[in-house]
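Engineer: coords below, sequence missing:
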């Protein structure tokens, strides 16, 4: 049964004990502002469909639990610490509308609250509600230009080496068999009923080699002999995990023995505790393990308009269309989106235009080499099917098997050209200009970059960097949970908190109307 927070004040109400000259909580502070807006954005009735209307005892008011979860994300404290702060911290009591004798809720209530959000697929409801109100109030123009980018979200699980990956994956599969483990396999596989590290001399290469060979052999045996329980999802997931970790890092050497593979396998699992974590990198120096959060920001209001979370190895361009299309649900259809080179592909631009909203992904032009003529120095006429070089030679565009679509200039003609030293790296061959499958989109992007307002658009891009930093300080830097679903929930709720931060400091009548909307 749904429990509701009472409107009637008690003698222990914090506000009654707060003097006008010296209030318990500083006027205008975040906790003071949150106390004013919380009843309008977090209502008990918004969660009524989670509860039976007649059966059971009244629950802890879900608005209190939701508020505590938001504060915990903002202040980077655990569920247990959140419970302690509700009990002893006057700022939390003030923000959550608790009287001085009210302990709020148990830490397990916050855990159950997250589980119910996931079960009802409502992890993005609060974020969407705040954005929708901002659109309805006119703070977010429907066709406004937006900026997009991604940033790391560190995983909560420890990264494991090859030995531990295979050993713990075997443990998951063998332990899942329980008493049903075949008798003939018990002497061989019983060592994996525990997760302890084997007592070998890890400084001895031969000992490590024997351990690796045994792990690989036992993995093959388990996958072959243990029954595949298709009716148990957990057992199927354990088999798939073992199969992947046993193959991704190990190969057979020239001597026929197992050995650690050099390099990193594609889509490599880095932890059996959180099998959805992945390696990620923004550059050769900026590497991390975990997830990646993607965001769109409206640069004038500095509000986050769309959020997505993926494994760390997913490219930014793959998520761009998801970010743009998700905004339709909240009434937005950005005319243009500004991003970095990860969003500059011609195919991505074509797909964005095909969404029906006329969205263009625009970005800064790549810096060409000035030692030789760049492709942009050639005039490509797709309608006429020709390419004109800086020396005014014209060549037809043709498809060459094994080479693709290109325009190839005659070597003898190029050699006689007075611009040859600026065009040819190899003087014995003519210049070749490759025609991209989405050359029309690349040309459109080049034309857009020549327009007068383009430098103004590029100046909007730092907004997303600033908001990413704000988000990282408010619960977006490191995942608190295992698994993509829970990490996405954390990202959406911390992003909602970031938007609330922004709305509470804008101080305009429009933002005030958003926070008091029914």
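Structural biologist: On my side now, so go ahead. Everything quoted here is computed from the prediction, not taken from an experiment.

Engineer: Pop the domain breakdown of the protein in here.
Structural biologist: Structural domains assigned to the chain are 14-122, 140-155+279-365+457-495, 162-260, 375-444, following automatic domain parsing.

Engineer: Between those domains, which one is closest to residue 502.
Structural biologist: With Cβ to Cβ as the criterion, residue 502 lies closest to domain 140-155+279-365+457-495 of those, at 5.6 Å. Any C-beta I mention is one placed from the backbone N, CA and C, and that applies to glycine too.

Engineer: just how off-centre is that closest one within its chain?
Structural biologist: Remark: domain 140-155+279-365+457-495 is offset 8 Å from the chain centroid, using Cα atoms, centre = their mean, to the nearest Å.

Engineer: One more: stretch 253-273?
Structural biologist: Per Cα atoms, centre = their mean, the centroid offset for stretch 253-273 relative to its chain is 26 Å.

Engineer: and what of stretch 130-142?
Structural biologist: With Cα atoms, centre = their mean, you get 23 Å for stretch 130-142.

Engineer: Start and end of it, how far apart?
Structural biologist: Separation of the first and last residues of stretch 130-142 by Cα to Cα, to the nearest Å is 15 Å.

Engineer: which other residues reach it?
Structural biologist: The contact list for stretch 130-142 (Cβ atoms under 8 Å, 6 or more residues apart in numbering) reads 41, 298, 301, 303-305, 330-333, 496, 499-500, 503, 508, 510-511, 513-514, 517.

Engineer: what mean pLDDT does that stretch have?
Structural biologist: Confidence over stretch 130-142 (mean pLDDT, whole number) is 92.

Engineer: Check which residues of that stretch are buried.
Structural biologist: 130, 131, 132, 133, 134, 135, 137, 139, 140 (16 or more other Cβ atoms under 10 Å).

Engineer: likewise stretch 444-452?
Structural biologist: Quick answer for stretch 444-452 (16+ other Cβ under 10 Å): 444, 445, 448, 449.

Engineer: can you put the domains of the chain in a markdown table and add distance to residue 268?
Structural biologist: Output for these, formatted as a markdown table (distance: least, Cβ to Cβ, whole Å):
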| stretch | distance to residue 268 |
| --- | --- |
| domain 14-122 | 27 |
| domain 140-155+279-365+457-495 | 6 |
| domain 162-260 | 5 |
| domain 375-444 | 30 |
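
Engineer: Give me the subset of the buried residues of stretch 444-452 lying in helices.
Structural biologist: When those are checked against helices (DSSP state H), the matches are 444, 445, 448, 449.

Engineer: Nearest to residue 318, out of those: which one, please.
Structural biologist: When those are ranked by distance to residue 318 (Cβ to Cβ), residue 445 comes first, at 18.7 Å.

Engineer: My guess is the closest one contacts residue 364. True?
Structural biologist: No. At 10.3 Å, residue 445 does not count as touching residue 364 under the criterion of Cβ atoms under 8 Å.

Engineer: Skipping its backbone neighbours, what lies nearest residue 324 in space?
Structural biologist: Nearest residue to residue 324 in three dimensions, chain neighbours excluded: residue 359, at 5.5 Å (Cβ to Cβ, 6 or more residues apart in numbering).

Engineer: so what's the one you found up against?
Structural biologist: Contacts of residue 359 (Cβ under 8 Å, 6+ apart): 324, 333, 334, 335, 336, 337, 352, 353.

Engineer: Scan those residues and report the most crowded one.
Structural biologist: Among the contacts of residue 359, residue 334 has the most neighbours (other Cβ atoms under 10 Å), with 26 neighbours.
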